[in-house]
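1. what follows is a predicted protein model with its sequence.
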Amino acid sequence: MKRRELLGSLFSDKERREDIIIRPPYYKDIYSFDKHCHECNGICSTVCQENIIVITENKTPILNFSKSGCTYCDECAKACPSDVLNTEYKQKIALEFEIDMLQCLSWNNTLCFSCKEPCLDNAIEFLGMFRPSIIDDKCTACGFCVSRCPTNAINYKKERDQ
């Protein structure tokens, strides 16, 4: 058993994240997924280099941050045959992230930079060697930190105006 699996099993005794549907960040109309995605074979998921686009039972794409994060590479939008996803509508993923201090190894005095290392935008800052926090102005909601946290201490919720 790897360290990540061990720590994850110790701290995964309850569901902490809301049941949120996260769509790829290239749509204009949220209802267009239900209208047009059933006509496609989910090509957006096949071109995703991070393999985070999952096609649901109703044939619409959602992002799954448990594996990796979104690079905003535009490939899913370029591949979309029905124009549901289009680079013209590129937007920040409408989520707010926070660190659960009770679950976070660093907040509990264990050296861990798992969330900071994959953050390309330097949106996670540490007070000394411990006490990480997410800087909202820098965070692009890519989700890379979520997949790397060994204790699932990074939670997300929809932005307030969503």
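-> Good, I have the coordinates.

2. quick one: pLDDT of the residue nearest to the spatial centre of the chain?
-> Among the residues of the chain, the one closest to the centroid is residue 143, at 3.0 Å (C-alpha atoms, centre = their mean). Residue 143 carries a pLDDT score of 96 in this model.

3. got it, and residue 3?
-> On the pLDDT scale, residue 3 gets 57.

4. can you check the one 3 residues further on too?
-> With respect to pLDDT, residue 6 has a value of 50.

5. go on, the one 3 residues further on?
-> What the model reports for residue 9 is a pLDDT of 47.

6. one more: the one 10 residues further on?
-> Residue 19 carries a pLDDT score of 80 in this model.

7. that one and residue 59: what is the separation?
-> Remark: distance between residue 19 and residue 59 (C-beta to C-beta, to the nearest Å) = 19 Å. In this view, the C-beta of every residue, glycine as well, is placed from N, C-alpha and C.

8. more neighbours: which of the two?
-> Comparing residue 19 with residue 59 by other C-beta atoms under 10 Å, the one with more neighbours is residue 59, at 15 against 5.

9. not counting its neighbours along the chain, what's nearest the more buried one?
-> residue 38 (4.6 Å; C-beta to C-beta, 6 or more residues apart in numbering).

10. then residue 131?
-> residue 107 (6.0 Å).

11. for the nearest residue to residue 32 once chain neighbours are set aside, give me its contacts.
-> Setting aside the residues directly before and after it, residue 32 is nearest to residue 84 in space (C-beta to C-beta, 6+ apart), at 4.7 Å. When contacts are counted by C-beta atoms under 8 Å, 6 or more residues apart in numbering, residue 84 touches 27, 32-33, 36-37.

12. which SS class is residue 97?
-> For residue 97, the assignment made with DSSP: H, G, I helix; E, B strand; the rest coil gives strand.

13. look at it and say how many residues are nearby.
-> 20.

14. what of residue 36?
-> 17.

15. and residue 53, by the same measure?
-> That count, for residue 53 with other C-beta under 10 Å as the rule, works out to 23.

16. so who does residue 148 touch?
-> 114-115, 117-118.

17. go on, residue 86?
-> 26-28, 77, 80.

18. next one: the closest residue in space to residue 30 that isn't next to it in sequence from residue 84, what distance?
-> Sequence neighbours aside, residue 23 is the residue nearest to residue 30 in space, at 7.1 Å (criterion: C-beta to C-beta, 6+ apart). The gap separating residue 23 from residue 84 is 9 Å, by C-beta to C-beta.

19. what is in contact with those two at once?
-> The contact sets of residue 23 and residue 84 overlap at residue 33 (C-beta under 8 Å, 6+ apart).
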